[in-house]
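**Student:** 3D model of this:
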Amino acid sequence: MAQQKNHKPEYLSFTRRERIGIITVVMIMMVYPTIPILFAIFYKPEPVDHTAFEKEIAGLNVQEPDSSSSYAKRNYDGYLHYQPSEKNYYDKPIKGELFYFDPNTLSADGWVKLGVREKTANTIQNYILKGGRFYKPEDISKIWGLHEDEVKRLLPYVRIESKPTKDYNKYPDREKAKTYEKPTYTITPCDVNYSDTAAFIALPGIGSKLAARIVAFREKLGGFYKTEQVAETYGLPDSTFQKIKSMLVIGNISVKKLNINTATVDELKTHPYLRYNIANAIVQYRQQHGSFSSVSDIKKIMVITEEIYNKAAPYLIIK
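**Tutor:** Numbering: from 1, shown residues only. Reported below is the predicted structural model:
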């Protein structure tokens, strides 16, 4: 207990060096905020003469043009060429000879003779050469290089000739163009089982590609047994088929038939109405149950719907 009592003051006291350090920090913290005040008291900046600077600024001032003036409000669309740079150009008296002129045909020398600056005259000529045109006398007021006083001076002397139009009746004695009646064509009925591509092309809306597709589809089927089958041709729009439907006939229904009791999968799948899955199902059923006794027996096969049967049946046979 005596030892603990002797050590207790060591935790609650500071050494001489620590006390000096604390006092120094506190003094610095108190003096630091006063530095700006002391700097302002002891440092006196020398006065600066702004006279020369103000003179330079005054020399750079440029009077802006009055946007409310009639010259500033002029419409320049289509004729913005250039702005005169000569000082007090419009204060000078205008010299030039006045005479009637067409601004669309007047040469540069003619404009100069009227009292227009040569630079303005050349600019007008460039505008004309690029296809520009003055349509009414007031259009000259849209030239940037012309002052309002110059426009008023020249305007009474402007004479614009109308642009000549093409004369389509240059030869009135010639016979008037003959009118031709649209020829009418009589389309003969097209036998879908015997017609070639030329016969199909003669039908309205049928080109060479569609004609070739109809014939190719007929060959794959083995012939058509009704005219409505033509509508199944790939790429044939229904609207086109409706136009030619009344022109299609079948003279002799004779289609190529497949023997479902002997045909292989490869032979059956080539038919557009059978394809591989149905052809394979027919052969598999035949191998499991024996030969078909009638074409309608294929309806017992699950994948063959009533629609498929009705379409494919005319092409099938048993022997």
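
**Student:** low-confidence stretches in the stretch 151-300 of the chain?
**Tutor:** Along the stretch 151-300 of the chain, segments meeting pLDDT under 70 span 163-187.

**Student:** so where do the strands sit in it?
**Tutor:** 190-191, 248-249, 258-259 (DSSP state E, counting those that start in this stretch).

**Student:** what's the closest of those to Tyr157?
**Tutor:** Closest to Tyr157 of the strands of the stretch 151-300 of the chain, according to Cβ to Cβ: strand 190-191, at 77.4 Å. In this view, the C-beta of every residue, glycine as well, is placed from N, C-alpha and C.

**Student:** roughly how far is the closest one from the heart of the chain?
**Tutor:** 47 Å (Cα atoms, centre = their mean, to the nearest Å).

**Student:** can you list the strands of the stretch 151-300 of the chain in CSV and add distance to Tyr225 and mean neighbour count?
**Tutor:** Formatted as CSV, these follow (distance: least, Cβ to Cβ, whole Å; neighbours: other Cβ atoms under 10 Å):
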stretch, distance to Tyr225, mean neighbour count
strand 190-191, 13, 18
strand 248-249, 13, 18
strand 258-259, 14, 16
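
**Student:** can you redo those strands as CSV with distance to Gly110?
**Tutor:** Below are the strands of the stretch 151-300 of the chain laid out as CSV (distance: least, Cβ to Cβ, whole Å):
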stretch, distance to Gly110
strand 190-191, 75
strand 248-249, 77
strand 258-259, 94
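
**Student:** and the ones you listed: which comes nearest Ile41?
**Tutor:** Nearest of those (Cβ to Cβ): strand 248-249, 116.4 Å.

**Student:** what does that closest one contact?
**Tutor:** For strand 248-249, contacts defined as Cβ atoms under 8 Å, 6 or more residues apart in numbering pick out 189-192, 227, 230.

**Student:** which two of those have the greatest separation?
**Tutor:** Pro189 and Val230 (13.1 Å).

**Student:** who has more neighbours, the two?
**Tutor:** Val230 (19 against 12; other Cβ atoms under 10 Å).

**Student:** the more buried one: what's it in contact with?
**Tutor:** With Cβ under 8 Å, 6+ apart, Val230 has these contacts: 192, 214, 224, 236, 241, 244, 248.

**Student:** at 7 Å what do you get?
**Tutor:** 192, 214, 224, 241, 248 (Cβ atoms under 7 Å, 6 or more residues apart in numbering).

**Student:** who wins on neighbours among those residues?
**Tutor:** Ile214 (27 neighbours).

**Student:** please report the distance of it from Met27.
**Tutor:** 111 Å (Cβ to Cβ, to the nearest Å).

**Student:** same deal with Thr305?
**Tutor:** 106 Å.

**Student:** and Tyr309, by the same measure?
**Tutor:** For Tyr309, the distance to Met27 - Cβ to Cβ - is 113 Å.

**Student:** neighbour count for those two, which is higher?
**Tutor:** Neighbour tally, Tyr309 and Met27, criterion other Cβ under 10 Å: the higher count belongs to Tyr309, 16 against 10.

**Student:** and stretch 199-206, how far out from the chain middle?
**Tutor:** With Cα atoms, centre = their mean, you get 37 Å for stretch 199-206.

**Student:** whoops, I mixed them up, stretch 107-117
**Tutor:** Using Cα atoms, centre = their mean, the offset of stretch 107-117 from its chain centre is 47 Å.

**Student:** what sits up against it?
**Tutor:** Residues contacting stretch 107-117 (Cβ under 7 Å, 6+ apart): 94-98, 101, 118, 121-122, 124-125, 145, 154.

**Student:** could I get the buried residue list for that stretch?
**Tutor:** Residues of stretch 107-117 classed as buried by neighbour count (16 or more other Cβ atoms under 10 Å): 108, 110-111, 113-114, 116-117.

**Student:** same thing with stretch 239-253?
**Tutor:** In stretch 239-253, counting by 16+ other Cβ under 10 Å, buried: 240-241, 244, 248, 250.

**Student:** equivalent analysis for stretch 269-277, please.
**Tutor:** In stretch 269-277, counting by 16+ other Cβ under 10 Å, buried: 269, 271, 273-274.

**Student:** still on that earlier bit, closest to Leu203 among the buried residues of stretch 239-253?
**Tutor:** Ile244 (4.5 Å).

**Student:** ignoring the adjacent residues along the chain, who's closest to that closest one?
**Tutor:** Nearest non-adjacent residue to Ile244, counting by Cβ to Cβ, 6 or more residues apart in numbering: Leu203, 4.5 Å away.

**Student:** of all the strands of the stretch 151-300 of the chain, which one is nearest Gly132?
**Tutor:** strand 190-191 (62.2 Å).
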